[in-house]
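Asker: next come a sequence and a model predicted from it.
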Amino acid sequence: MNILILGSGGREHSLAWAIKQNPKCDNVFVSPGNAGIGQICNCIEINILDAKQVLKAVKEYSIDFVLIGPEAPLAAGVSDVLKNEGILTFGPSKASSQLETSKKFTKEICDAAGAPTAEYKSFASLEPALAYIKTKGAPLVVKADGLAAGKGVIVATDIEMALTAVREIFGGSFGDAGTSVVIEEFMEGEEASLFVLVDGKTILPIGTAQDHKRVGEGDTGLNTGGMGAYSPAPILDQSVVNKTIDRIIRPTMYEMMDRGMPFTGVLYAGLMIKDSNPRLVEYNVRFGDPECQVLMMRLGGQILDALLSTAKGELGDVKINWADDHSITVVMASSGYPGSYEKGTVINGLDDLPSDSNFVCFHAGTEKQGGKIVANGGRVLNVTTRANTLIEAQKSAYQMIKNIDWPQGFYRKDIGWRGL
Ligand code: AMP
Ligand code: GLY
């Protein structure tokens, strides 16, 4: 079959890499893709937020299955348009994507479903929000309601910080994402993520992961899209996974069904775990990046069958074959990230790296220029390995990364420390 993947990150590179291992797959097209994806797939230039352009590409390249990577096309309703045209598509509807695109919506779903999460209140104007903060006191977490590229969450350690955050959000610093604000209790515990496929009525867990969001070693400094990740997450043992499904995921699925917006796709639950009890921090309705890279490294080609079955509503027939393995990914980013950074810097040494079922360097922000691979984004490469233990996977990732010659890049030296 011919498959079209929408997106351009390490997430999409890893999805393409895994899917290509499945004999059902004939050709993989990726739009827009990146330099690494271009080495294994056909990259096509279309505006992936424009459903008409996606449809045109589906016809032109005889696509049988579309896999939507990032949240933006989901929020734009691309999945709805494709499904209405009868095209087999992996990705939730615009309505059910509200589990990611609106924090207020998710909180209401959790309330209705009885799913444990932080206590909260939502506000559509400034004054009542300020008054609420003063009655609650710090710490508090202030969140812009909508999609804000991961920057709309402020963990306020004192009242002044919380007041400033709501003033900024209502002042327009997050645009439309900030027309309403959710203020919630600060939850203590350890964070981890559970990934499940949902076909509307059936849930299939496909792995756990932990990421490192902060730019600096020891999880310090500014927040980023993620500087590395590993799977499995030791804290999410089978008993905590079962509790998460019973208390959070399944009630959410039924609540979405009751509202006439059944969820189909991958549900990525960000959890806070304390005393083996999970509470929901947030949902995402797509694979995490870089969490997807470690999941794909572990799942390989079987992921295609699971994704197809999800899209067809036949997930009940799918079994995942698990190996007792561990995967880690270390992100290489452009110096300056998550602030400003230089583009167009040349990366050498990539051609000599191995690429097998235990080691892949997935590309994120890369581009081919005159026969050379250059960085064109903040997060640029994801050195991803698999081994029998997390420590072995970590060792081999840091061993490999030494072969990449990119003076303008940097990476954290401690990815995996929490798991170890
Ligand atoms: P989110 O975008 O909702 O995942 O929030 C980003 C990060 O903020 C999370 O990964 C947590 O580290 C932190 N966070 C969000 N909500 C809370 C909360 N209620 N309590 C503690 N930390 C939180
Ligand atoms: N790594 C966090 C995310 O994909 O949202």
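Answerer: Done, it's in. Ligands and ions are numbered 1, 2, ... in the order given.
Asker: three-state assignment of residue 260?
Answerer: Using DSSP: H, G, I helix; E, B strand; the rest coil, the structure places residue 260 in coil.
Asker: residue 80 too?
Answerer: Residue 80 ends up helix, using three-state DSSP.
Asker: just the residues contacting stretch 394-411, thanks.
Answerer: With contact meaning C-beta atoms under 8 Å, 6 or more residues apart in numbering, stretch 394-411 is reached by 227-228, 230, 328-335, 341-342, 345-350, 352-354, 358-359, 361, 375, 380-381, 383-385, 387, 413, 415-416, 420. Any C-beta I mention is one placed from the backbone N, CA and C, and that applies to glycine too.
Asker: what are the buried residues along stretch 310-326?
Answerer: Residues of stretch 310-326 classed as buried by neighbour count (16 or more other C-beta atoms under 10 Å): 310-311, 315, 318, 325-326.
Asker: for ligand 1, see how far away residue 307 is.
Answerer: Distance, residue 307 to ligand 1, by C-beta to the nearest ligand atom, to the nearest Å: 24 Å.
Asker: OK, contacts around the residue nearest the centre of the chain?
Answerer: In the chain, the centroid-proximal residue (C-alpha atoms, centre = their mean) is residue 288; its distance is 1.5 Å. By C-beta under 8 Å, 6+ apart, the contact list for residue 288 reads 11, 193, 195, 209, 211, 226, 229, 268.
Asker: swap in 7 Å and give it another go.
Answerer: 193, 209, 211, 268 (C-beta atoms under 7 Å, 6 or more residues apart in numbering).
Asker: the residues you listed in strands, which ones?
Answerer: Residues of the contacts of residue 288 located in strands (DSSP state E): 193, 209, 211, 268.
Asker: name the element residue 55 belongs to?
Answerer: Residue 55 is located in helix 51-60, with elements delineated by DSSP states H and E.
Asker: ok, then the element right after that helix?
Answerer: Proceeding N to C from helix 51-60, the next assigned helix or strand is strand 65-68, under DSSP H and E.
Asker: now that following strand - C-alpha only, CSV.
Answerer: The C-alpha trace of strand 65-68 is given here as CSV (Å, rounded to 0.1, in the frame of the first residue of the first chain):
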residue,chain,number,x,y,z
PHE,A,65,-3.6,5.4,4.1
VAL,A,66,-2.9,8.9,5.6
LEU,A,67,-1.1,9.2,8.9
ILE,A,68,-1.3,12.7,10.5
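Asker: and that strand, which strands flank it?
Answerer: According to DSSP bridges, strand 65-68 forms sheet pairs with strand 2-7 (parallel), strand 88-90 (parallel).
Asker: just put these in a markdown table and tack on mean neighbour count, mean pLDDT and distance to ligand 1.
Answerer: As requested, the strands paired with strand 65-68 are exported to a markdown table (neighbours: other C-beta atoms under 10 Å; pLDDT from 0 to 100; distance: least, C-beta to the nearest ligand atom, whole Å):
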| stretch | mean neighbour count | mean pLDDT | distance to ligand 1 |
| --- | --- | --- | --- |
| strand 2-7 | 25 | 98 | 19 |
| strand 88-90 | 24 | 98 | 23 |
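Asker: and the pLDDT at the closest residue to residue 32 other than its chain neighbours?
Answerer: Once flanking residues are discounted, residue 32 sits nearest to residue 8: 5.0 Å by C-beta to C-beta, 6 or more residues apart in numbering. You'll see residue 8 listed with a pLDDT of 98.
Asker: ok, residue 236 - contacts?
Answerer: Residues near residue 236 by C-beta under 7 Å, 6+ apart: 192, 194, 208.
Asker: who does the first one bridge with?
Answerer: With DSSP bridges applied, the residues forming beta bridges to residue 192 are residue 271.
Asker: what's around it, how many residues?
Answerer: Look at residue 192: counted by other C-beta atoms under 10 Å, it has 27 neighbours.
Asker: what residues does the stretch 1-150 of the chain have near ligand 1?
Answerer: Taking C-beta under 6 Å from any ligand atom, the part of the stretch 1-150 of the chain that reaches ligand 1 is made up of 118, 141.
Asker: show me what the helix holding residue 55 is packed up against.
Answerer: strand 2-7, helix 78-84 (3 or more C-beta pairs under 7 Å, 6 or more residues apart in numbering; DSSP states H and E).
Asker: what are the buried residues along it?
Answerer: Quick answer for helix 51-60 (16+ other C-beta under 10 Å): 51, 53-55, 57-58.
Asker: do stretch 345-357 as well
Answerer: 345, 347, 350.
Asker: against residue 176, how distant is the nearest residue to the second one once chain neighbours are set aside?
Answerer: In other words, residue 347. The shortest distance from residue 347 to any non-neighbouring residue, by C-beta to C-beta, 6+ apart, is to residue 406 (4.3 Å). Per C-beta to C-beta, to the nearest Å, residue 406 is found 37 Å from residue 176.
Asker: hmm, back to that, name the nearest of the ones in strands among the contacts of residue 288 relative to ligand 2.
Answerer: residue 211 (4.9 Å; C-beta to the nearest ligand atom).
Asker: residue contacts, the closest one?
Answerer: Here residue 211 is in contact with 226, 228-229, 288, 290-291 (C-beta under 7 Å, 6+ apart).
Asker: again, 6 Å this time
Answerer: The neighbours of residue 211, taking C-beta atoms under 6 Å, 6 or more residues apart in numbering as the test, are 226, 229, 291.
Asker: scan those and report the most crowded one.
Answerer: Counting neighbours by other C-beta under 10 Å, residue 229 leads the contacts of residue 211 with 30 neighbours.
Asker: what's the closest non-adjacent residue to that one?
Answerer: Ranked by C-beta to C-beta, 6+ apart and with sequence neighbours excluded, the top spatial neighbour of residue 229 is residue 211, at 4.1 Å.
Asker: which pLDDT value belongs to the one you found?
Answerer: pLDDT, residue 211: 95.
Asker: residue 56 too?
Answerer: At residue 56, pLDDT is 98.
Asker: what is the neighbour count of the closest residue to residue 322 other than its chain neighbours?
Answerer: Leaving aside its chain neighbours, residue 322 sits nearest to residue 298 (7.9 Å; criterion: C-beta to C-beta, 6+ apart). As a burial measure, residue 298 scores 20 neighbours (other C-beta under 10 Å).
Asker: sec struct for residue 298, please.
Answerer: Criterion first, three-state DSSP; result for residue 298: helix.
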